[in-house]
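> Need a 3D model of the sequence below.
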Amino acid sequence: MTVLIFGSKGQDGYYLTKLLQQEGIEVIGFSRSDAVNLSDFSTIKQIIEKHKPAYIFHFAADSTTAHHAVLENHQSILTGAIHILESVKQVSPDTKVFLSGSGLQFENIGKPIKETDLFSLTSAYAMTRNQSVIAARYYRSLGLKVYIGYFFNHDSPLRTERHMSQKIISAVKRIASGANEKIEIGDIHVRKEWGFAGDIVKGVWTLVKQDHTMEAVIGTGKAYSIWQWVETCFSLIKKDPKNYLLEKKGFVSEYQTLVSDPTSIFSLGWRPEVSFEQLAEMMLLDKP
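The predicted structure is shown next:
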């Protein structure tokens, strides 16, 4: 069995590759650093025609919601999805395709979000994600096996410091080594999920292995505040976090709570295994 992963160098691609290889599956990964351009249809078609994979996973994206990434995300998320789907239709129609989505696509009124909730247009990122779902549903109507998993915040030691979880972890490491610095945070009361990427891709694998093509929220269903993450990380080095925090003036959060309702994926037998506290320790020790 052969599997193709687009966006293989990100944390989701890394952990899914590791999971599938442990099951003896051949994984072929592609990323921007491999000079594979998702906006080049002929290249994508040639790759899919050559390998005739059992599964394709499309993770490629810039995770920022900022408008400046609108063209990049249009190419990687939407154009990439259409090129993959059309290639599969033409040359490998039995291939199952997974497209990653986001909890940020949905209207958020502070309640747990499920895959059947209404979409929102609160950012260029959400717009592009929504368009890719429409494309997936169209190709599904043509008979393709297309799955979508909507991700919520999930982390690992592979995160960069542009993500709040790793920004805090990296500062805590430096403080543990004697640094006297402040961590600037916008709103410590924002609540979101802190799933482990290795768990989330197991949810993805659970989703695509069943025959019913469906869309599902893949999350922990548990929300923690940024302050709880800070407290947990500092407890691991036995220091008081209040001595190291700095409020970011004028900051306005995109949301106050972003949490999933993972009932559908839970019904397939998947459950997250790594706890909030275990994730913090894993990232502090830098053990992917």
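> From now on I want contacts and neighbour counts done on CA atoms only, so please keep to that.
Fine.
> Any idea which helix or strand in the protein has the lowest mean pLDDT?
helix 70-73 (a mean of 86; mean pLDDT, DSSP states H and E).
> And the helix or strand just after that one, what's buried?
Scanning forward in sequence from helix 70-73 by DSSP states H and E, the next helix or strand is helix 80-91. For helix 80-91, the buried set under the neighbour-count rule, 16 or more other Cα atoms under 10 Å, comprises 80-89.
> other SSEs contacting helix 80-91?
Applying 3 or more Cα pairs under 8 Å, 6 or more residues apart in numbering; DSSP states H and E, one finds that helix 80-91 makes contact with helix 41-51, helix 124-141.
> between that helix and helix 41-51, how many degrees?
Taking axes from the mean of the first three to the mean of the last three Cα atoms, to 10 degrees, one finds helix 80-91 and helix 41-51 inclined to each other by 50 degrees.
> Leaving out chain neighbours, which residue sits closest to Ser170?
Glu161 (7.3 Å; Cα to Cα, 6 or more residues apart in numbering).
> Could you find the two of the buried residues of helix 80-91 that are most distant from each other?
Based on Cα to Cα, the longest span within those runs between Gly80 and Lys89 and measures 14.2 Å.
> Angles on the backbone of the closest residue to Gly80 other than its chain neighbours, please.
With sequence-adjacent residues excluded and distances taken as Cα to Cα, 6+ apart, Gly80 is closest to Leu38, at 4.7 Å. Main-chain torsions, Leu38, degrees, to the nearest 10: phi -70, psi -20.
> repeat for Arg271
Backbone dihedrals for Arg271, given as degrees, to the nearest 10, come out at phi -140, psi 140.
> for it, what are its contacts?
199, 203, 220 (Cα atoms under 8 Å, 6 or more residues apart in numbering).
> Neighbour-wise, which one of those leads?
Taking other Cα atoms under 10 Å to define a neighbour, the member of the contacts of Arg271 with the most is Thr220, carrying 27 neighbours.
> do you know how far Ser260 is from Pro112?
In this structure, Ser260 and Pro112 are 5 Å apart, going by Cα to Cα, to the nearest Å.
> Which elements pack onto the least confident helix or strand of the chain?
With contacts defined as 3+ Cα pairs under 8 Å, 6+ apart, the packing partners of helix 70-73 are helix 124-141.
> Just the buried residues of the helix it packs on, please?
Counting neighbours by 16+ other Cα under 10 Å, one finds that the buried residues in helix 124-141 are 124-133, 135-137, 139-140.
> From the centre of the chain, give me the residue that's furthest out.
What lies farthest from the middle of the chain is Gly178; by Cα atoms, centre = their mean that is 33.3 Å.
> Strands of the protein, residue ranges please.
Under the criterion DSSP state E, the chain carries strands at the ranges 2-6, 26-30, 55-58, 96-102, 145-151, 154-155, 183-185, 191-192, 195-196, 215-218, 224-225, 245-247, 257-258.
> out of those, nearest to Ile168?
strand 183-185 (7.0 Å).
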